[in-house]
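1. Next input, structure requested:
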Amino acid sequence: MGVGIGLGCAEFPFSGAAAYWRWIDMCEAGGVDSIWQTDRIVSRQPFLESMTTMAALAGRTRRMRFGMNVVSLAFRDPVLLAKQCATIDVLSEGRLLPAFGIGSPLAPEWEALGIDTKTRGRKTDECLEIIRRLWREESVDFSGAFYKLKDATIAPTPVQPDLPMWIGGSSDAAIRRTARIGTGWLAGGDPPAEAGRVVAAIKVAATEADRSIDEDHYGAGFAFHFGSRDAPGIGRAMDAYAKRTERDATHAFVVGDADAILARVAEYVDAGVSKFILRPLGGDDDAILAQTRLLIEKVLPRAEARWPRPPKVTTTDR
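-> Prediction:
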């Protein structure tokens with residue numbers, strides 16, 4: 001089971017587009033596995049919108065894959081979202097990694113948009129079924145409690161014959177949802193021990209549903225900073241995370257050196273996780289770029305050596 005390390009953004013931490021593209025170009029050239037964008041629609045802080053960011057990444061990059069971490073389905077129209085994903089997958093030649101969830105009950109969108117949090121699980125289940133069917137079927141009829149479709153179709157369909165559908169969340173409902181329909185799972189800030197519990201539960205539930213999920217399709221993430229907590233903005237970022245999520249920030253941040261980052265990765269690997277979304281912390285453009293460069297130079301080669309990926313099977317190998 002090889003380890004893939006991608007990078008992600010929550011809030012938009014750059015001064016503008018030029019700095020963001022410098023970061024993306026560095027990741028593309030440096031062997032970063034993938035780029036991920038946190039989904040937030042309503043916020044006083046700057047956030048990039050996930051789907052338009054995916055489209056922009058499709059045009060800017062040639063190697064990296066990219067995904068949204070994670071789209072809250074209760075805020076989106078499922079037909080439009082299925083169409084957006086298919087279009088981006090076509091234009092990127094099969095590099096989209098769509099990931100979906102029900103959304104945190106603490107998110108500001110619920111109150112701002114007047115949406116009932118109590119319906120988010122049922123709406124998400126209907127959205128997932130609609131999206132999955134639109135990607136695979138020529139025509140879709142659907143009659144649910146929240147959505148109704150008649151003879152709906154999209155074209156072109158995704159380039160990937162089985163476009164991934166990663167599911168976020170660690171509740172019992174999220175576990176069942178992943179086992180029933182997901183092709184992968186992304187932890188939502190869970191520490192290694194909790195992530196391991198969820199991975200094990202998904203595997204049991206998938207077996208009961210007569211399905212299986214690839215061993216290397218379980219993901220987690222954390223923020224990192226080479227240096228000390230006294231660096232500008234680090235303590236503030238940790239405090240903001242704790243306030244926003246009502247969780248202990250310690251497990252969601254690694255502040256130290258390459259050994260500390262690799263040690264946290266190893267904890268997750270031991271728990272059954274092999275895909276990672278790491279978020280560089282820095283006070284300005286140069287600091288974020290410097291943090292990313294350190295990860296590329298000091299962590300990625302050691303991770304590849306410790307957890308090498310199996311070689312890709314080509315038609316000539318079969």
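
2. surely residue 124 meets residue 71?
-> No. Residue 124 is beyond contact range of residue 71, at 10.1 Å (criterion: Cβ atoms under 8 Å). Where C-beta positions appear, they are placed from N, C-alpha and C, glycine not excepted.

3. shared neighbours of the two, anything?
-> Residues touching both residue 124 and residue 71 (Cβ atoms under 8 Å, 6 or more residues apart in numbering): 100, 101.

4. Residue 166 reaches residue 184, doesn't it?
-> Yes. Using Cβ under 8 Å, residue 166 is in contact with residue 184, at 4.0 Å.

5. With neighbour numbers in mind, choose between the two.
-> The neighbour count for residue 166 versus residue 184, taken as other Cβ atoms under 10 Å, is higher for residue 166 (24 against 21).

6. Show me where this protein has its strands.
-> With DSSP state E as the criterion, the chain has strands at 4-9, 34-37, 65-68, 71-72, 96-97, 99-101, 140-143, 148-152, 166-168, 184-186, 218-226, 253-256, 275-280.

7. Please render those as CSV that adds distance to residue 53 and mean pLDDT to the earlier fields.
-> Converted to CSV, the strands of the chain look like this (distance: least, Cβ to Cβ, whole Å; pLDDT from 0 to 100):
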stretch, distance to residue 53, mean pLDDT
strand 4-9, 9, 96
strand 34-37, 5, 97
strand 65-68, 8, 96
strand 71-72, 11, 92
strand 96-97, 12, 96
strand 99-101, 13, 91
strand 140-143, 27, 98
strand 148-152, 26, 98
strand 166-168, 17, 91
strand 184-186, 17, 93
strand 218-226, 17, 95
strand 253-256, 23, 94
strand 275-280, 14, 96
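
8. how about the ones you listed in TSV, adding distance to residue 18?
-> Converted to TSV, the strands of the chain look like this (distance: least, Cβ to Cβ, whole Å):
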stretch	distance to residue 18
strand 4-9	15
strand 34-37	17
strand 65-68	19
strand 71-72	27
strand 96-97	25
strand 99-101	28
strand 140-143	42
strand 148-152	40
strand 166-168	31
strand 184-186	30
strand 218-226	23
strand 253-256	28
strand 275-280	17
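
9. of the ones you listed, which approaches residue 119 most closely?
-> For these, proximity to residue 119 was assessed by Cβ to Cβ; strand 71-72 is nearest, at 12.6 Å.

10. Which neighbours in the sheet does that closest one have, and how are they oriented?
-> Strand pairing for strand 71-72, determined by DSSP bridges: strand 99-101 (parallel).

11. roughly how far is the strand it pairs with from the heart of the chain?
-> In terms of Cα atoms, centre = their mean, to the nearest Å, the centre of strand 99-101 is set 8 Å apart from its chain centre.

12. ok, residue 308 - how many residues close by?
-> Neighbour count of residue 308, defined by other Cβ under 10 Å: 11.

13. wait, it sits on residue 2?
-> Yes. Using Cβ under 8 Å, residue 308 is in contact with residue 2, at 5.7 Å.

14. Counting by contacts, list what the least confident helix or strand in the chain by mean pLDDT packs against.
-> When each helix and strand of the chain is scored by mean pLDDT, DSSP states H and E, helix 234-245 comes last, with a mean of 79. Judged by 3 or more Cβ pairs under 8 Å, 6 or more residues apart in numbering; DSSP states H and E, helix 234-245 is in contact with strand 218-226, strand 253-256.

15. The first one pairs with which strands, and in what direction?
-> For strand 218-226, the paired strands and their directions (DSSP bridges) are strand 184-186 (parallel), strand 253-256 (parallel), strand 275-280 (parallel).

16. In JSON lines: the ones you listed, plus distance to residue 28.
-> Converted to JSON lines, these look like this (distance: least, Cβ to Cβ, whole Å):
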{"stretch": "strand 184-186", "distance to residue 28": "22"}
{"stretch": "strand 253-256", "distance to residue 28": "24"}
{"stretch": "strand 275-280", "distance to residue 28": "15"}
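
17. Looking at those, spot the one closest to residue 247.
-> Nearest of the strands paired with strand 218-226 to residue 247, taken as Cβ to Cβ: strand 253-256 at 11.2 Å.

18. Pick the most buried one from the helices and strands packed on helix 234-245.
-> Most buried of the helices and strands packed on helix 234-245, by mean neighbour count (mean count of other Cβ atoms under 10 Å): strand 218-226, with a mean of 24.

19. relative to strand 4-9, how tilted is it?
-> Using axes from the mean of the first three to the mean of the last three Cα atoms, to 10 degrees, one finds that strand 218-226 and strand 4-9 are set 60 degrees apart in direction.

20. now the angle from strand 218-226 to helix 234-245?
-> Per the same axes, to 10 degrees, the angle that strand 218-226 makes with helix 234-245 is 150 degrees.

21. chain center to strand 218-226: distance?
-> On Cα atoms, centre = their mean, the centre of strand 218-226 falls 11 Å from the chain's centre.

22. Could I get the CA-only coordinates of that strand as PDB?
-> Taking C-alpha atoms only, strand 218-226 is exported to PDB below (Å, rounded to 0.1, in the frame of the first residue of the first chain):
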ATOM      1  CA  TYR A 218      -8.700   5.900   2.700                       C
ATOM      2  CA  GLY A 219      -7.500   9.400   3.400                       C
ATOM      3  CA  ALA A 220      -6.800  11.900   6.200                       C
ATOM      4  CA  GLY A 221      -5.200  15.300   6.600                       C
ATOM      5  CA  PHE A 222      -3.600  17.800   8.900                       C
ATOM      6  CA  ALA A 223      -1.900  21.200   8.800                       C
ATOM      7  CA  PHE A 224       1.900  21.400   9.100                       C
ATOM      8  CA  HIS A 225       4.500  24.000   9.800                       C
ATOM      9  CA  PHE A 226       8.300  23.600   9.800                       C
END
